[in-house]
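> Sharing a model that was predicted from the sequence below.
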Amino acid sequence: MEACGLDPNSYQLYDYVDVEALEQVCTSSNGDIEIRFTVEGIRLAVTSDTVTVLSTGSDSALE
């Protein structure tokens, strides 16, 4: 999200999303699952393996 111009100290994902519930949904699925949502105007896609910033023209995975 820093690549999108947000200061990493200005937000915490757990302030916007129940991270434990998100993890449970991702790990309890029998198939591939992708959950999409927006934080501070930045669209994110979460799978059991990655969090991806969905930006116009390209996607970049967060490590």
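Received the coordinates, thanks.
> Any stretches of the protein with poor pLDDT?
Confidence mapping of the chain against pLDDT under 70 gives the ranges 1-11, 56-63.
> And the strands in it?
35-39, 42-46, 51-55, 58-62 (DSSP state E).
> could you say what helices and strands the third one packs with?
Counting contacts by 3 or more Cβ pairs under 8 Å, 6 or more residues apart in numbering; DSSP states H and E, strand 51-55 is packed against strand 42-46, strand 58-62. Using the backbone N, CA and C atoms, a C-beta is placed for each residue, glycine as well.
> Of all the residues in it, which ones are buried?
Neighbour-count burial for strand 51-55 flags 52-53 (criterion: 16 or more other Cβ atoms under 10 Å).
> Next, format the strands of the chain as CSV and append distance to residue 18.
Shown next, in CSV, are the strands of the chain (distance: least, Cβ to Cβ, whole Å):
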stretch, distance to residue 18
strand 35-39, 11
strand 42-46, 12
strand 51-55, 15
strand 58-62, 19
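> Buried deepest among those, which one?
Burial of the strands of the chain is given as mean neighbour count (mean count of other Cβ atoms under 10 Å); strand 42-46 ranks first at a mean of 17.
> That one - which strands sit beside it in the sheet, and in what orientation?
strand 35-39 (antiparallel), strand 51-55 (antiparallel) (DSSP bridges).
> Mind putting the ones you listed into TSV with distance to residue 12?
As requested, the strands paired with strand 42-46 are exported to TSV (distance: least, Cβ to Cβ, whole Å):
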stretch	distance to residue 12
strand 35-39	10
strand 51-55	14
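> Would you tell me which of the ones you listed gets closest to residue 21?
Residue 21 lies closest to strand 35-39 among these, at 10.2 Å (Cβ to Cβ).
> what's the closest one in contact with?
Residues outside strand 35-39 that contact it (Cβ atoms under 8 Å, 6 or more residues apart in numbering): 1, 11, 13, 16-17, 22, 25-26, 43-47, 54.
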